[in-house]
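K.L.:
My questions are about this predicted structure, shown below with the sequence.
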Amino acid sequence: MPVYSEKVMEHFMNPRNVGEIENPDGIGEVGNPICGDMMTFYIKVKDNHLEDVKFKTFGCGAAIAVSSMTSEMAIGKTLDEAMKITPGTVATQLEGLPKNKLHCSNLGAQALRKAIEDYLNKNRAQGGGKND
Amino acid sequence: MPVYSEKVMEHFMNPRNVGEIENPDGIGEVGNPICGDMMTFYIKVKDNHLEDVKFKTFGCGAAIAVSSMTSEMAIGKTLDEAMKITPGTVATQLEGLPKNKLHCSNLGAQALRKAIEDYLNKNRAQGGGKND
Amino acid sequence: MRKVYLDNAATTPLLPEVRESMLPFLDELSGNPSSLHDWGDSAREAVAEARARVARLIGAGAEEIIFTSCGTESNNLAVKGLALARQNKGRHLVASAIEHFSVLHSARTLEKMGFELSLVPVDSSGMVDPDDVRQSLRPDTVLVSIMHGSNEVGTVQPIKEIARITREHKVPLHTDAVATAGNIPVDVGELGMDALSLAGNQFYGPQGAAALWVRPGVRLIPQFDGGVQEGGRRSGTENVAAIVGLGKAAELASDNMTVRMGHLSRLRDRLLDELPRRIDHTVVTGDTTSRLPGNASFCIEFIEGESILMMLNSKGVAASSGSACTSRALKASHVLIAMGITHELAQGSIVFSLGVDNSPEDVGYVLEVLPPIVDRLRQMSPLYARFIKGSKGGKNARLQ
Amino acid sequence: MRKVYLDNAATTPLLPEVRESMLPFLDELSGNPSSLHDWGDSAREAVAEARARVARLIGAGAEEIIFTSCGTESNNLAVKGLALARQNKGRHLVASAIEHFSVLHSARTLEKMGFELSLVPVDSSGMVDPDDVRQSLRPDTVLVSIMHGSNEVGTVQPIKEIARITREHKVPLHTDAVATAGNIPVDVGELGMDALSLAGNQFYGPQGAAALWVRPGVRLIPQFDGGVQEGGRRSGTENVAAIVGLGKAAELASDNMTVRMGHLSRLRDRLLDELPRRIDHTVVTGDTTSRLPGNASFCIEFIEGESILMMLNSKGVAASSGSACTSRALKASHVLIAMGITHELAQGSIVFSLGVDNSPEDVGYVLEVLPPIVDRLRQMSPLYARFIKGSKGGKNARLQ
Ligand SMILES: Cc1ncc(COP(=O)(O)O)c(C=O)c1O
Ligand SMILES: Cc1ncc(COP(=O)(O)O)c(C=O)c1O
């Protein structure tokens, strides 16, 4: 196997929060199958907090573990806090990733951020601006 | 070991006719230590036959075995017969020699021939001409 | 848990007889074959016997075999050694697009030195058309290198036809037979190439011993400079134990080839037939008739190879993949891409390579554990979700 | 008959612990370290452990070790790889006149590609003068290669002083430490070279596993193109069993070096002292103080090395020689000639290389059987006869 930490293996074998959210408040999609990995994140927002996060991921073991870990880290956080989840913090929580898999940890945080931005954009468009 | 035949090994371990002949009828010396091998052949001639042949050899296993075999083949032969001993017949009698050792078999026949020529020259010089 | 090794293309297990043949050269002092004493003699004789056995496997003369340390070394020596020996005649090379990197990258290195490389394409089943080889030849072509069998997709090339063309044009042909020698009949006289690479760990011999055969009269520039081992064509102290093991493996392969091929192709055909039946949207890669007896390779849509391997491994099954994520360079297999498979589909590559130790039960086990793994990964896959949505109510609805 | 192996410079016996460490990788399936499954994991972990052990032996970082198949490969990779990586900076090479052929002939190959080679001489004891290295440096020098210890005459070079000079001039220094690493302390930090070759079968490890260490930041052009094994610097499937054995041998060498050196140098000194005392007209070759602990090498006048080896072998003793007749090229050892030894004297070369398995009894046995062998050969030697006649009645009369 790639030299994955136990944490990565555990999240890969038992990924948290796999799935879609019906009528999500935001969707973020990054990567594409040609490059090897693709992730779609779905979020449900309540009181400026991430009430629920779900994902679907096409990709390697690291991509799946990163998605799982990112979703777990995000749930319950405020939007601001969630925007501060970085590839580095995800990789650290996973007890490290092999060097050539670091791009996967970028994708997780990016997809989450895109989903939040999607939510914010929609809200702004509706003049809601909860997050200002 | 170099891939020597049993015959070569046997002659190397128990070389025949090693030594010098006191007051030889002919001496033949070939090779030189810089090239690796040097042989000196001594002959005793009686009634146009090689009554005795002895040699001293500095060199590898093949050189010693070739000297021994050449001397053994030569003893008892007429001078004419002995002159017909070739590197090839020596090598054949030794059941072959490794390719890079073939020059050694040249030396044996050469040294013998030189000794015979030495004898013939001396005789001719003395007007003896036994061999004509 | 059942352990099922289906990665024989990566390296085969050692047969007990091969191990036995090696032990005396590990158990006691194994001499240096260049040494002039009894220990050296034993080592030299053992290497000579192994050489004769390897030669017999491919119908060659013993003195035509050069022992090397791995298939990669054999391929480097062949491509660079043959091309550089003829560079005064020209600097054009021909290779197929699906050669192993040890051939392709050797040719690339020659390109940096001023050679030109023409790549011959393959069709969708990974076959080279001999006519394309003919078309690629130029007056300054000094080497053609076409592999015999592909470890990734199993396709076996029409080397005999290709050799007929290269001989006609008096261009030497090297064949990477690392995946075929010892596994299917390879006779250099019958096939007609000029140089051939093989490796012991592809047919139940040890790692660390491989060979290059070169037809007598074909010049080769050695790639290791040093002593005069292997007739000066490959310097360096020989790995006697591994060479002896290679020789034994060659002997066993010569003796048992037909039986082995029958066994393997029965297992292979069951995989090739049943897996696509049990897992929708799965394609077989490589030619189905001109094929290595042990190769069952597929692309499974909507999911990625490394994830499949990891889940298979958790069930005790070893296999390999040509997906980008499983390569350290993060590029999809150039073999699959050359066959016209999309990058997306190539991500789902999975290669089962069978060995003589595998049983019908092993195959049954894989057929049982793989479908739920694919299901699970597809349930996670946004591509699959998109596909299902795109075909809602259609014939693919049942896939849910 | 007693069997005494004194050719450890050719190849050492495998220590039982080393053999034990290797067997699991021959006994079961040894995976391919590149594979993504449990078998691959075990193989990869075993290689990583071996890498750490080899690194520890020479005080290096694990990731700086490149595994190869033999000392010759390490030397070829070092000389060609380092020189070619810097050829835009210049094309001048420096090596000592007594380098192993795998270094010298690699440099010769580079000469054919346009490089220039300067050979640094040695003195009569085989020592390089660091000042000569300094003198040979030019602005376009891109590589210096000086061996650490000579397997033929035992001399150990002042590498630390040489490295100080090359560092000053910012020229990389490669050191062939095949004869020293694992036998005497070698610390790359302390010695200061930039690349170092070592081989397992020189310190009780297996044949087929060697290494090149390269200082971080020093560029190297790989000599095997192919996959990304060894960080892309040496492609090809690893010989896992042999690498594991090399690692174990490195660990044992690290742990037992002082004891081993004491044991060997006692045996060596007895040979160096007593042989010339028991056999007239015998000279020790190589430096007597800066010397490998296991090397006892001589030239015995008036006779030839192959004959000595054959007679020693018939008494169960294995040794080697640098005589012309014992080389397949029929040339006297370039090392002896570079030391100013005449071709004639070089013919009488005999090299005993001791190993940890040798006992004082072994040495006693050689001291007992060699003098009569020399006598016998001298009785056959026309050179000896001539010498005796030339000194009739003189001090050498007693030699008869
Ligand atoms: C000093 C030295 N360098 C290089 C080599 C070459 O090593 P190998 O024979 O393992 O290729 C040797 C072999 O004895 C050696 O003694
Ligand atoms: C077709 C082919 N050629 C060459 C190689 C390289 O051989 P090695 O890994 O022994 O260097 C392989 C390895 O799998 C192969 O399958």
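P.N.:
Okay, I see it. Numbers count the residues shown, from 1 in each chain, chains lettered A, B, ... in the order given. Ligands and ions are numbered 1, 2, ... in the order given.
K.L.:
what helices or strands is the helix or strand where C:M311 lies leaning on?
P.N.:
Taking DSSP states H and E as the definition, C:M311 sits inside helix C:305-314. Contact partners of helix C:305-314 among helices and strands, from 3 or more Cβ pairs under 8 Å, 6 or more residues apart in numbering or on different chains; DSSP states H and E: helix A:6-13, helix A:61-74, strand C:349-353, helix C:360-380. No exception for glycine: its C-beta is placed from N, CA and C like everyone else's.
K.L.:
and ligand 1, which of those is closest to it?
P.N.:
strand C:349-353 (32.6 Å; Cβ to the nearest ligand atom).
K.L.:
hey, what's the residue of the stretch 201-350 of chain C found nearest ligand 2 bridged with?
P.N.:
Nearest residue of the stretch 201-350 of chain C to ligand 2 (Cβ to the nearest ligand atom) works out as C:A210 at 5.9 Å. According to DSSP bridges, the residues that bridge with C:A210 are C:T68, C:A199.
K.L.:
you'd agree it is up against C:G182?
P.N.:
No: the criterion here is Cβ atoms under 8 Å, and C:A210 misses it with C:G182 at 11.0 Å.
K.L.:
When the two are compared, which one has more neighbours?
P.N.:
C:A210 (32 against 28; other Cβ atoms under 10 Å in any protein chain shown).
K.L.:
Run through the residues that contact the more buried one.
P.N.:
C:67-71, C:73-74, C:178, C:197-200, C:246 (Cβ atoms under 8 Å, 6 or more residues apart in numbering or on different chains).
K.L.:
same thing with A:N32?
P.N.:
A:M38.
K.L.:
Tell me the spacing between it and chain D.
P.N.:
Between A:N32 and chain D the distance, using Cβ to the nearest Cβ, to the nearest Å, works out to 23 Å.
K.L.:
same question, A:S71
P.N.:
In terms of Cβ to the nearest Cβ, A:S71 sits 25 Å off from chain D.
K.L.:
Now do the contacts for that residue.
P.N.:
A:S71 touches A:R16, A:N17, A:F41, A:V53, A:K54, A:F55, A:L112, counting by Cβ under 8 Å, 6+ apart.
K.L.:
Just the residues you listed: which are in strands?
P.N.:
Of the positions in those, A:F41, A:V53, A:K54, A:F55 sit in strands, assigned by DSSP state E.
K.L.:
Neighbour-wise, which one of those residues leads?
P.N.:
A:F41 (33 neighbours).
K.L.:
Mind listing the residues bridging to it?
P.N.:
Going by DSSP bridges, A:F41 forms beta bridges with A:G28, A:F55.
K.L.:
Please look at it and A:E117 and confirm they touch.
P.N.:
No: in this structure, A:F41 is not within contact of A:E117 by Cβ under 8 Å, at 11.1 Å.
K.L.:
Overlap in contacts, the two.
P.N.:
Joint contacts of A:F41 and A:E117 (Cβ under 8 Å, 6+ apart) are A:G28.
K.L.:
Quick one: list the elements packing against the helix or strand harbouring C:S102.
P.N.:
Taking DSSP H and E as the criterion, C:S102 maps to helix C:101-112. On a contact count with 3+ Cβ pairs under 8 Å, 6+ apart, helix C:101-112 meets helix C:71-85, strand C:92-96, strand C:116-120, strand C:173-176.
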